[in-house]
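**Q** Quick one, what's the 3D model for this:
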Amino acid sequence: MIIETSAPTRVDLAGGTIDIPPLFLFHEGAATVNFAVDLLAKCRIETRDDDLIVLESIDRGVKFETSLDHIGELKNEPRLELLSKLVYFFKPETGFNMITDSEAPAGAGLAGSSTLNIACIGALNTLVGDRYSPDRFIPIAANVECQVIKVPTGFQDYYSAQYGGAAAIHFAPDGITREPLNIDLKTLHERTIVLYTGEPRNSGTNNWEITKRHIDGDRELFDIFEGIRDFALSLRKALLADDWNLVGDILQAAFPHRKRLSPMITTPHMDELIDAALNNGAIAAKVCGAGGGGCIAFFCEENRKADVETALAAQPGAEVLKYNISTDGLKIDVS
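**A** A predicted model of the protein is given here:
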């Protein structure tokens, strides 16, 4: 049997970090807004006739093998830790080769690990006979990823990976709800650039430190998160109203507000790229993920996307990523 899965990464437009439990419980109406892009995470499983388990990541250049008799050792395996813990969780009873690949650059801030998580869960769940219904995939992904990074993880990235499209994710005491946003995706694409800075994301905000400060009662941080929530809700409303001038205004105002979380959200190189974009037709910048490298999304003036792309392409180390907005989420093919 051959199982092939894929899931889209995402560009987060507003509300990031507030999706980490328990932070959203302290901000009534907490929400995030993002859209999925076709820079895919892929997983391929092929069953074997023996008891070997072979795990391989193409983009990371890592490969190793174990056997069904030693599957318990994957619980604490440091190589390909996410894949290892997922295999340990599902505990398949047949040997297999599992190969993964990610089209997003390493450390891009586009939710590559969370997306790969969903793609692998879809494949492994199929391998073990659809043990879990799809509505269980996201809780499993969040819990296993927490075991890997050893702190709570945000939830918004799993929803874009599993369902695709543009969406607002709403967080409340009675649960998390995904609201598909029926918006003009063509205009969103025509006015949004995704730039890889050439710097893998290895600093940015320390989400666990922020979480601890919040729980400890940091009033300034509380107020920053109130603003993060309000910008997300305002952006949702502007997108649904097809008010692109207001979308630009909101994103423009949200950027300096988010930078109050940490001076590490941007690097000097990122600041230079942002200045180049703003001087050539971009209205606003949105650092993807935690920042400190990775990708920046730019919302451009109408009919100025090409000008901004040209200006950014001339900057050292920068790469304008080619993408389409993905209306599909997790795909599973079996042969």
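
**Q** I'd assumed L251 was in a strand, is it?
**A** No - counting by DSSP: H, G, I helix; E, B strand; the rest coil, one finds L251 to be helix, located in no strand.

**Q** Output stretch 43-61 in CSV with nothing but the alpha carbons.
**A** Extracted in CSV, the C-alpha atoms of stretch 43-61 (Å, rounded to 0.1, in the frame of the first residue of the first chain):
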residue,chain,number,x,y,z
CYS,A,43,4.3,12.6,3.4
ARG,A,44,4.6,9.3,1.6
ILE,A,45,4.2,6.0,3.3
GLU,A,46,4.9,2.7,1.5
THR,A,47,4.3,-0.6,3.4
ARG,A,48,7.0,-3.2,3.5
ASP,A,49,7.0,-7.0,3.7
ASP,A,50,9.4,-7.0,6.7
ASP,A,51,9.4,-5.3,10.1
LEU,A,52,11.6,-2.4,9.3
ILE,A,53,10.5,1.2,9.8
VAL,A,54,12.5,3.7,7.7
LEU,A,55,12.0,7.4,8.4
GLU,A,56,13.5,10.0,6.0
SER,A,57,13.2,13.7,5.6
ILE,A,58,14.2,14.9,2.1
ASP,A,59,14.4,18.6,3.0
ARG,A,60,16.4,18.0,6.1
GLY,A,61,18.6,15.3,4.6
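
**Q** how about that stretch: buried residues?
**A** 43-45, 53-57, 59 (16 or more other C-beta atoms under 10 Å). Bear in mind the C-beta positions are built from the backbone N, C-alpha and C, glycine included.

**Q** Now for those residues: which two are most distant?
**A** I53 and D59 (19.8 Å; C-beta to C-beta).

**Q** would you say R201 is within a strand?
**A** No - using three-state DSSP, the assignment for R201 is coil, not a strand.

**Q** measure it to N97 for me?
**A** R201 is 30 Å from N97, where distance means C-beta to C-beta, to the nearest Å.

**Q** so what pLDDT did E199 get?
**A** pLDDT for E199: 85.

**Q** typo on my end, it should be T205
**A** 64.

**Q** Distance-wise, check the residue nearest the centre of the chain relative to D19.
**A** In the chain, the centroid-proximal residue (C-alpha atoms, centre = their mean) is A111; its distance is 2.2 Å. Separation of A111 from D19 (C-beta to C-beta) stands at 11 Å.

**Q** try K63
**A** 33 Å.

**Q** again, but for I169
**A** Distance from I169 to D19, by C-beta to C-beta: 7 Å.

**Q** ditto for D130
**A** From D130 to D19 the distance is 28 Å (C-beta to C-beta).

**Q** the more surrounded of these two?
**A** Shown here are D130 and D19; by other C-beta atoms under 10 Å, D19 has more neighbours (24 against 10).

**Q** quick one, helices of the protein?
**A** For the chain, the helices defined by DSSP state H cover 81-90, 112-127, 137-149, 156-163, 185-190, 207-215, 219-240, 244-259, 268-278, 305-313.

**Q** what does the fifth one rub up against?
**A** Outside helix 185-190, the residues within contact range by C-beta atoms under 8 Å, 6 or more residues apart in numbering are 35, 165-166, 239, 242, 244, 305, 324-325, 327.

**Q** tell me which residues in that helix are buried?
**A** Buried residues in helix 185-190, counted by 16+ other C-beta under 10 Å: 185, 188.

**Q** got it, and the last one?
**A** Residues of helix 305-313 classed as buried under the neighbour-count rule (16+ other C-beta under 10 Å) are 305, 308-309, 311-312.

**Q** So what touches that helix?
**A** Contacts of helix 305-313 (C-beta under 8 Å, 6+ apart): 190-193, 195, 273, 276-277, 279-282, 298, 300, 318, 320.
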